[in-house]
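Participant: Structure of the sequence below:
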Amino acid sequence: MSSIKKTIKRSILSNPQVRSILISLFDPLFEEKLSRVESRLKDEIVQKLYERNIVSGQGERYDPIQTNLFYDDLCHIPRYEFAMNYVLKEDTVLDIACGVGYGTAMLGSVSQASFGVDISQVAIQYAKVMYSRSNTKFVVGDFFDNSITADVVVSFETLEHLNGQNFNDILLELASFSRRLVIGSVPYQELSGNNHFHVSFNLDERNFEVLSTLGDISFFYQTSEGEISLKKPSKKIQNLLFVFSHKPVKDSLS
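Facilitator: Modelled structure (predicted):
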């Protein structure tokens, strides 16, 4: 079992705030059951959270414990591990559309500070309880109203959900949040209508050309097994990852 899973399961039992939240979500019998069979109830708690879509957002949000009780997802954590390789210890990091916050905490472990922003109050409440650290904070916020900037901005599996602006404007908005790097991902060449939560489909390298006018952009490819490579793999590509770096100020002015 990963250290992330162990941390969450310990938190469920030892943190009074978590206990109170979970009990209030279900029924008074949880208090009695929790005291008698805590070791077996841990998975029941997160299973109920998942089944009732209280935190999972009908399956659109990933959590290492909740999701992995039902199926193995090999892609989410490798994306954050990939991003961690680009973060410097002195960096501040913004995780925009952070979901339940496990990735924000991962980024905080290698940076000066990390901030998680998500539009879901329930997800942020969960994140604050489970993943807040001295240098990792969470706030409720909308992508288009975001005022937090950071050295590095991370946004995985977000852009395809956003409506109300054309895709170029969304990318420019995302880039404006960062001072140094933007690291993100989208489903690769997803067929129209494949996911009813998505509004942008058939995304690939061509959709990111606007960023090349502001700096340098590199693409990486992720398979369903979680493998990430610079070269296109022979296996089916599930996600397109991109790393955008702003031009240095002196270059921008030349």
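
Participant: Next, name the residue at the spatial heart of this protein.
Facilitator: residue 98 (4.0 Å; CA atoms, centre = their mean).

Participant: how far away is it from residue 129?
Facilitator: As for residue 98, its distance to residue 129 is 14 Å (criterion: CB to CB, to the nearest Å). C-beta here means a position set from N, CA and C on the backbone, and glycine is covered the same way.

Participant: So residue 203, which state does it fall into?
Facilitator: State at residue 203, reduced to three classes by DSSP: H, G, I helix; E, B strand; the rest coil: coil.

Participant: if I pick the residue nearest to it when sequence neighbours are not counted, what's in contact with it?
Facilitator: Of all residues not flanking residue 203 in the chain, residue 186 sits nearest, at 4.6 Å (CB to CB, 6 or more residues apart in numbering). The contact partners of residue 186, taken as CB atoms under 8 Å, 6 or more residues apart in numbering, are 157, 159, 160, 200, 203, 239, 240.

Participant: of those residues, closest to residue 111?
Facilitator: The nearest member of those to residue 111, counting by CB to CB, is residue 157 at 20.9 Å.

Participant: Strands - which of the contacts of residue 186 land there?
Facilitator: 239, 240 (DSSP state E).

Participant: State the distance from the residue nearest to the centre of the chain to residue 131.
Facilitator: 9 Å.

Participant: Identify the contacts common to these two.
Facilitator: Counting by CB under 8 Å, 6+ apart, the contacts common to residue 98 and residue 131 are 104, 116, 138.

Participant: now the host helix or strand of residue 153, how far from the centre of its chain.
Facilitator: Here residue 153 is covered by strand 150-156, with elements defined by DSSP states H and E. The chain centre lies 10 Å from the centre of strand 150-156; the measure is CA atoms, centre = their mean, to the nearest Å.

Participant: Skip ahead from that strand and say which helix or strand is next.
Facilitator: helix 167-176.

Participant: the inter-axis angle of the helix or strand just after that next one versus helix 167-176?
Facilitator: The helix or strand immediately downstream of helix 167-176 is strand 178-187, counting by DSSP H and E. Going by axes from the mean of the first three to the mean of the last three CA atoms, to 10 degrees, strand 178-187 is angled at 140 degrees with respect to helix 167-176.

Participant: partner strands of strand 178-187, parallel or antiparallel?
Facilitator: According to DSSP bridges, strand 178-187 forms sheet pairs with strand 150-156 (parallel), strand 237-246 (antiparallel).

Participant: State the mean pLDDT of the last one.
Facilitator: What that stands for is strand 237-246. Taken as a whole, strand 237-246 has a mean pLDDT of 97.
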